[in-house]
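J.: Sequence and predicted structure are below.
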Amino acid sequence: MRAAFFPLYILGGALATRPFLNEPDTGFDDVFADLPAGELPPLEKLVGLPDFDAAARRHLAIQNYTYYRNGAAGEWSYRNNLEVFNRYRIKPRTMVDITNIESTLPTTILGHNFSAPFFISPCARGGYGNIDGEKGLVEGAAAGDVLYMNALLASLTIEEIAAFKKDDQVTFQQVYLDSNDTATKELFRRAEQTNSKAIVFTVDSAADGNRHRAARWGVGSADSAYTLITWDLYDHLTTLTDLPIILKGIQTVEDAQEAIKHGVPAIYLSNHGGRQIDGARSPLEVAIDIHQQAPEIFSQLEVFADGGVRYGFDVVKLLALGVRAVGLGRPFMYANVYGTDGVKRAIELLKHEIAIDAANAGIADLKKIDPNIVDWTPNWALA
């Protein structure tokens, strides 16, 4: 009997894995090949958010860059956060009047007005990127009129960060909480006295993050205790402050539905930047799951999401599913290497990309996106 012939090129295609690109090959290294080691490229020469990552990687001490860059275990969730957006292809519409798209960028987050549907996610240790700590993040957010959620484990204190705020600037305070009422009341008091408008309670960090890359450089998780986090605790916390308490780290339809039952004003889809548990789905995949299983959730409370967002249409895809506003963490931490001007530049670039990407897809209004502008069947050839 003649043996079945199986072409080797098919086998090779099946087994081959497209290499992971932390930063895309768009000519950055070619253009800045002659830049002295450690020197930052001119800010005006950066053309997109991935450029800030590349610039920070060249400029920062390896342990400082690693603190921002690292993910959990083999970093598959970190990689998936970045790669998942391109599995869902755009279906652009044409012959649509998109000339007023920029006027639709502004949005509200918990009733507060902002110039764009994205915000700066809470990220710790701004001082690892800039000697001025979070100063550039606060000032850049104010200049760009976007929300800044400052991290409890920031390099600057809550009060020091507040000192850089503009008089009318809205910020939210991220916290880690447990059943220690004394510590919780003190944190809430400080947030209230520094005029934070909401509490962002991180609930996806019940145990230490399993961060191999970070461990090699001694920059692992700063939150290493086992923590009691339950719905009963959330209910109790709401009695300790008048500020709205957002839950950050929701990763399932079931938890989103439970949040509604407990009167949570907003949920924040996040897998902690892929830093806590490897194998967790990306927030985009969670948002798709909610859209397909329980789309009413998006109208019953405000939904935010972050994770791997680097381009304008990454934001648009999340908005198309019903997400109110999209968070970005690492890109702004890298931009903060340049200080206030770097954060302002990153905000400007992302606003422009959102507008032109939406326009090229035939979207006339960012608040009225037809979800069918995207094919939500994953293309695994792009995985």
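T.: Yep, it's here.

J.: Give me the below-cutoff pLDDT ranges for the stretch 151-300 of the chain.
T.: Along the stretch 151-300 of the chain, the parts satisfying pLDDT under 70 run over 222-224.

J.: Run through the helices of it in chain order.
T.: All helices of the stretch 151-300 of the chain, identified by DSSP state H, counting those that start in this stretch, fall at 158-162, 181-193, 212-216, 231-237, 253-261, 283-293, 297-300.

J.: Residues touching the fifth one, excluding its own?
T.: The set of residues external to helix 253-261 that reach it, using CB atoms under 8 Å, 6 or more residues apart in numbering, is 231, 247, 250, 267, 286, 289-290, 293-294, 297, 300-301, 303. Any C-beta I mention is one placed from the backbone N, CA and C, and that applies to glycine too.

J.: from the middle of its chain, how far away would stretch 214-231 be?
T.: The chain centroid and the centroid of stretch 214-231 are separated by 19 Å, computed with CA atoms, centre = their mean, to the nearest Å.

J.: Quick one: end-to-end length of that stretch, please.
T.: 31 Å (CA to CA, to the nearest Å).

J.: what does it contact?
T.: With CB under 8 Å, 6+ apart, stretch 214-231 has contacts from 62-64, 66-67, 70, 124-125, 128, 153, 176-179, 203, 205-209, 211, 258, 262, 275.

J.: list the contacts for Phe304?
T.: Ile109, Phe119, Ile246, Ala266, Ile267, Tyr268, Leu269, Val323, Arg324, Ala325, Val326, Gly327.

J.: Now Tyr88: closest residue in space, sequence neighbours ignored.
T.: Computed as CB to CB, 6 or more residues apart in numbering, the closest residue to Tyr88 that is not its neighbour in sequence is Val374, at 5.3 Å.

J.: need the contact list for that neighbour.
T.: Tyr88, Arg89, Ile90, Lys91, Lys317, Ala320.

J.: Now, the contacts of Phe304 that are in strands?
T.: Using DSSP state E, the members of these that fall within strands are Ile109, Phe119, Ile246, Ala266, Ile267, Tyr268, Leu269, Ala325, Val326, Gly327.

J.: Please tell me which one of those counts the most neighbours.
T.: Greatest neighbour count in these, by other CB atoms under 10 Å, goes to Leu269: 31 neighbours.

J.: Tell me how far that residue lies from Ile354.
T.: 19 Å (CB to CB, to the nearest Å).

J.: quick revisit: tell me the most buried of the helices of the stretch 151-300 of the chain?
T.: helix 283-293 (a mean of 21; mean count of other CB atoms under 10 Å).

J.: report the angle between the axes of it and helix 253-261?
T.: Taking axes from the mean of the first three to the mean of the last three CA atoms, to 10 degrees, one finds helix 283-293 and helix 253-261 inclined to each other by 70 degrees.

J.: And helix 283-293, what does it pack against?
T.: Here helix 283-293 touches helix 253-261, strand 266-269, helix 297-300, strand 302-305, helix 312-321, going by 3 or more CB pairs under 8 Å, 6 or more residues apart in numbering; DSSP states H and E.

J.: Of these, which is nearest Asp365?
T.: helix 312-321 (10.6 Å; CB to CB).

J.: which secondary structure elements does that closest one contact?
T.: Packed next to helix 312-321, using 3+ CB pairs under 8 Å, 6+ apart, are helix 283-293, strand 325-328, helix 340-360.

J.: any idea of the angle that helix forms with helix 283-293?
T.: Using the same axes, to 10 degrees: helix 312-321 against helix 283-293 is 30 degrees.

J.: Show me the contact partners of helix 312-321.
T.: Under CB under 8 Å, 6+ apart, the answer for helix 312-321 is 85, 88, 90, 117-118, 283-284, 287-288, 290-291, 298, 305, 308-309, 326, 350, 352-358, 361, 363, 366, 369-371, 373-374.

J.: Output it as CSV - backbone C-alpha positions only.
T.: Extracted in CSV, the C-alpha atoms of helix 312-321 (Å, rounded to 0.1, in the frame of the first residue of the first chain):
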residue,chain,number,x,y,z
GLY,A,312,-6.7,53.5,18.3
PHE,A,313,-8.8,50.6,17.0
ASP,A,314,-8.0,48.6,20.1
VAL,A,315,-10.0,51.2,21.9
VAL,A,316,-12.7,51.3,19.2
LYS,A,317,-13.2,47.5,19.5
LEU,A,318,-13.8,47.7,23.2
LEU,A,319,-16.2,50.6,22.7
ALA,A,320,-18.1,48.7,20.1
LEU,A,321,-18.8,46.0,22.6
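
J.: now the contacts of Phe304 as TSV including distance to Lys197?
T.: What follows is the contacts of Phe304, written out as TSV (distance: CB to CB, whole Å):
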residue	distance to Lys197
Ile109	9
Phe119	12
Ile246	11
Ala266	12
Ile267	17
Tyr268	15
Leu269	20
Val323	20
Arg324	15
Ala325	14
Val326	19
Gly327	16
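
J.: Closest one of those residues to Asp53?
T.: Gly327 (16.4 Å).

J.: The closest one and Met149 touch, don't they?
T.: Yes. Here Gly327 reaches Met149: they are 7.4 Å apart, a contact under CB atoms under 8 Å.

J.: which neighbours do the two share?
T.: With CB under 8 Å, 6+ apart, Gly327 and Met149 have common neighbours Phe119, Ile120, Ser121.

J.: Brilliant, that's me finished.
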